[in-house]
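Asks: coords please:
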Amino acid sequence: MKIIKNIGNERVVDELQRTVAKESSLDMATSAFSLMAFGEILSALEQLKSCRLVIPGYPGSDLAILGLDEDRAFRNRLLGPWLARRCSE
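Replies: Reported below is the predicted structural model:
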């Protein structure tokens, strides 16, 4: 298990792209989940045999599902609905 701070040179996206191996499994827990970040690592995730994701499910929790202000360029690609469908699969 590795805890990643997700800042600077220690980003979850970079770590996943670097380490995901074909037919491996991935378990993650996070307080935020961005569809834009999901789109960036989709090709790596498609290689997985299984994936489990734990996210908050209580009322009022903000997952930042469409990203933060910094993700505006990704949102402008208008792929949100498509990414949501792919993520649910």
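Asks: okay, S88 and W82: tell me how far apart.
Replies: 11 Å (CB to CB, to the nearest Å). C-beta here means a position set from N, CA and C on the backbone, and glycine is covered the same way.
Asks: higher neighbour count, the two?
Replies: W82 (12 against 6; other CB atoms under 10 Å).
Asks: and the helix or strand where the more buried one lies, what's buried?
Replies: In this structure, W82 sits in helix 80-88 according to DSSP states H and E. Using 16 or more other CB atoms under 10 Å as the test for burial, helix 80-88 gives G80, L83.
Asks: could you export it as PDB, CA atoms only?
Replies: This file holds the C-alpha atoms of helix 80-88, laid out as PDB (Å, rounded to 0.1, in the frame of the first residue of the first chain):
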ATOM      1  CA  GLY A  80     -18.400  15.000 -18.900                       C
ATOM      2  CA  PRO A  81     -21.400  12.800 -19.800                       C
ATOM      3  CA  TRP A  82     -19.300  10.300 -21.800                       C
ATOM      4  CA  LEU A  83     -16.800  10.000 -19.000                       C
ATOM      5  CA  ALA A  84     -19.600   9.500 -16.400                       C
ATOM      6  CA  ARG A  85     -21.000   6.600 -18.500                       C
ATOM      7  CA  ARG A  86     -17.500   5.100 -18.900                       C
ATOM      8  CA  CYS A  87     -16.800   5.400 -15.200                       C
ATOM      9  CA  SER A  88     -20.100   3.700 -14.300                       C
END
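Asks: helices or strands up against that helix?
Replies: helix 35-40 (3 or more CB pairs under 8 Å, 6 or more residues apart in numbering; DSSP states H and E).
Asks: got a list of contacts for the helix it packs on?
Replies: Here helix 35-40 makes contact (CB atoms under 8 Å, 6 or more residues apart in numbering) with 12-13, 45, 65-67, 71, 74-75, 79-80, 83-84, 86-87.
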